[in-house]
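Student: Quick one: sequence and predicted model below, then my questions.
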Amino acid sequence: MISRLSIAVVVAVLVGLVIGRVGWALAILLGSYVIAQLWNLFRLEQWLRRRRLLTPPDMNGLWGEVIAIVDRIYRRKQFHKSRVIGLLREFRRLTTAMPEGAILLGPEHEILWFNRRAGDWLSLRRRRDRGIRVENLVRHPAFVSYLRDGTPVDGVIVHDSGEHGRWLSFTIVRPGDDAERSLLIVRDVSHEMQVESMRKDFVANASHELRSPLTVITGYLDALADDQGLDPAWSAPIQEMRRQSERMSTIINDLLELSKLESGERRLPEQPVDIGGMLALLRREVSSLEQRPRTLTLTVESDAWLLAAEGEIHSIVSNLVSNAVKYTPVEGEIELRWWTDDGGAHVSVRDTGVGIAPENIPRLTERFYRVDSGRSRDMGGSGLGLAIVKHALQRHEGTLTVASVEGVGSTFTCHFPAHRVVPRPDDYADHDAAPHAASERRIADA
Ligand code: ADP
């Protein structure tokens, strides 16, 4: 192109010399050159504007190269675009066929996109609800607090009180802690909930029905045991039958207690509970047992009380204490401890008993799970004690931690949130009404 321009300049100079107007000849040449460039620019611009409809203009030199490069970039972009569009269509088809609902949320939990299933279940409309914060549409408190702090990890189940009355489970998937967007997976768990409710009803009804006949059997066995005229050969079998019926009644009572806790109904009223006093009482009860670990220690480090349902808290602590008694030899030690700190309130039951192997610890709160079933049965255990502890704790937003070393001992600690810690009521503040009332008191007997 430059060489062509140089030749044109030389020709123009020569023509200029011949006609005696070099300046004019050069001016005409440059003018024509500029017009030609502007024309090319105009054609390029026209093509760029409507390149989808027009074929690339046929130009020589640098313009031709520019057009070839632009055309190549354009074709590559078209190729990627059609691939992305294809993938998007595929994704749409898949998400529509998905049995779960999916909602894409922005940083403020505003709805960016949702699939058909989520739209149907939550009655979402594309035009109306896009951009609206999801907690304004699903207002269930459990869901709102799950969205805020993300716990529990495996989501929440809420009852959709809308026209379908479904049970929906929500799980948030975040690609990273600092991720701008998150995916809310919604599942219809109505069937599972129905089966679960049938199971609970069945256990509750069966336990209830078994209780009356068992009371009759126990009554007759007691009468037989007291009967002086009975053949002495029957004495041992009757004692065994009484032991077994007692076990059965422990299991039935525990099953009924568990169903009551699980049903969430008939929740006992919550009030400030004197945990230190409760521990002192339990310690006294244990010390009156014939078979018990020799050393019982009570450490009360806080004056505070706990806002809770007293019966359920008693059930938690007495189950832990009775386990400690069952699984600790007479020469061992049990320590009951109550304290509060910034994290909330804590009750622990530590023993120097048989301990639990690490692989069994995660399963302890399962129903009927026993590390050593023979030993548990011999001790009169139902295998339901720790399941009751877990459920009762859940109803108080509490958690259970277990630390144990086989052959050394175990510590079961219940943790309650700080908002449940309340000051000791004034009526108890002035005098040492409760035997445990002290900023820290250790009571031990050997
Ligand atoms: P159980 O009625 O059998 O004691 P639990 O649910 O209370 O049922 O406890 C489940 C199992 O956990 C027990 O069978 C026992 O093996 C183990 N366990 C519970 N507490 C203790 C403890 N303090 N020390 C050792 N093992 C324990």
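Tutor: That came in fine, so what should we check first?

Student: Outline the domain layout of the protein.
Tutor: Domain assignment for the chain, taken from automatic domain parsing, gives 2-92, 98-188, 193-263, 271-445.

Student: Rebuild these as TSV, extending it with mean neighbour count and mean pLDDT.
Tutor: C-beta coordinates here come from the backbone N, C-alpha and C atoms, glycine included. Shown next, in TSV, are the domains of the chain (neighbours: other C-beta atoms under 10 Å; pLDDT from 0 to 100):
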stretch	mean neighbour count	mean pLDDT
domain 2-92	12	88
domain 98-188	15	85
domain 193-263	14	90
domain 271-445	17	89
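
Student: Looking at these, which is nearest to the ligand?
Tutor: Taking C-beta to the nearest ligand atom, domain 271-445 is the member of those nearest to the ligand, at 2.4 Å.

Student: Does that closest one reach the ligand?
Tutor: Yes - using C-beta under 6 Å from any ligand atom, domain 271-445 reaches the ligand at 319, 323-324, 327, 351, 353-354, 356, 364, 369-372, 376, 381-387, 410.

Student: The residues you listed in helices, which ones?
Tutor: Using DSSP state H, 319, 323-324, 376, 385-387 are the members of the residues of domain 271-445 next to the ligand that sit in helices.

Student: Mind picking the two most distant members of those?
Tutor: Considering C-beta to C-beta, no two members of these lie farther apart than 324 and 387, which are separated by 17.2 Å.

Student: which phi and psi does residue 111 have?
Tutor: The main-chain torsion angles of residue 111 are listed as degrees, to the nearest 10 and equal phi -80, psi 120.

Student: Now do the contacts for it.
Tutor: 103-105, 124, 129-134, 137 (C-beta atoms under 8 Å, 6 or more residues apart in numbering).

Student: make it 6 Å
Tutor: 103, 129-130, 132, 134 (C-beta atoms under 6 Å, 6 or more residues apart in numbering).

Student: What of residue 275?
Tutor: Neighbours of residue 275 in contact, by C-beta under 6 Å, 6+ apart: 306, 338, 347.

Student: Which ones among those residues map onto strands?
Tutor: With strands identified by DSSP state E, the entries of those that belong to them are 306, 338, 347.

Student: would you list these in JSON lines and tack on distance to residue 229?
Tutor: Written out in JSON lines, the entries for these read as follows (distance: C-beta to C-beta, whole Å):
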{"residue": "306", "distance to residue 229": "54"}
{"residue": "338", "distance to residue 229": "53"}
{"residue": "347", "distance to residue 229": "51"}
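
Student: Can you tell me which of the residues you listed comes closest to residue 143?
Tutor: For residue 143, the nearest member of the ones in strands among the contacts of residue 275 is residue 306. The distance, counting by C-beta to C-beta, is 27.5 Å.

Student: my guess is that closest one meets residue 346, correct?
Tutor: No - contact criterion C-beta atoms under 6 Å: residue 306 and residue 346 do not qualify, at 10.1 Å.

Student: So which residues of the stretch 51-200 of the chain form helices?
Tutor: Assigned by DSSP state H, counting those that start in this stretch, the helices in the stretch 51-200 of the chain fall at 61-97, 116-121, 126-129, 141-149, 190-226.

Student: Generate a markdown table for those, with distance to residue 184 as supplementary columns.
Tutor: Written out in a markdown table, the entries for these read as follows (distance: least, C-beta to C-beta, whole Å):
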| stretch | distance to residue 184 |
| --- | --- |
| helix 61-97 | 13 |
| helix 116-121 | 8 |
| helix 126-129 | 13 |
| helix 141-149 | 8 |
| helix 190-226 | 18 |
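
Student: I'd like these laid out as CSV, including distance to the ligand.
Tutor: Output for the helices of the stretch 51-200 of the chain, formatted as CSV (distance: least, C-beta to the nearest ligand atom, whole Å):
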stretch, distance to the ligand
helix 61-97, 44
helix 116-121, 38
helix 126-129, 47
helix 141-149, 27
helix 190-226, 16
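
Student: which one of these lies closest to residue 398?
Tutor: Ranking those by distance to residue 398, with C-beta to C-beta as the measure, places helix 141-149 first at 16.2 Å.

Student: Output the contacting helices and strands for that closest one.
Tutor: Judged by 3 or more C-beta pairs under 6 Å, 6 or more residues apart in numbering; DSSP states H and E, the packing partners of helix 141-149 are strand 156-159.

Student: Can you tell me what sits against the strand it packs on?
Tutor: By C-beta under 6 Å, 6+ apart, the list of residues contacting strand 156-159 reads 140, 142-143, 146, 167-170, 189.

Student: ok, so of those, who is nearest residue 395?
Tutor: Ranked by distance to residue 395 (C-beta to C-beta), the contacts of strand 156-159 are led by residue 142 at 13.5 Å.

Student: show me the contacts for that closest one.
Tutor: When contacts are counted by C-beta under 6 Å, 6+ apart, residue 142 is found next to 156, 158.

Student: do the same with residue 67
Tutor: Residues in contact with residue 67, defined by C-beta under 6 Å, 6+ apart, are residue 56.

Student: Next, find the distance separating residue 296 from residue 375.
Tutor: The span separating residue 296 from residue 375 equals 22 Å under the rule C-beta to C-beta, to the nearest Å.

Student: Revised request: answer the last question for residue 316.
Tutor: Distance from residue 316 to residue 375, by C-beta to C-beta: 22 Å.
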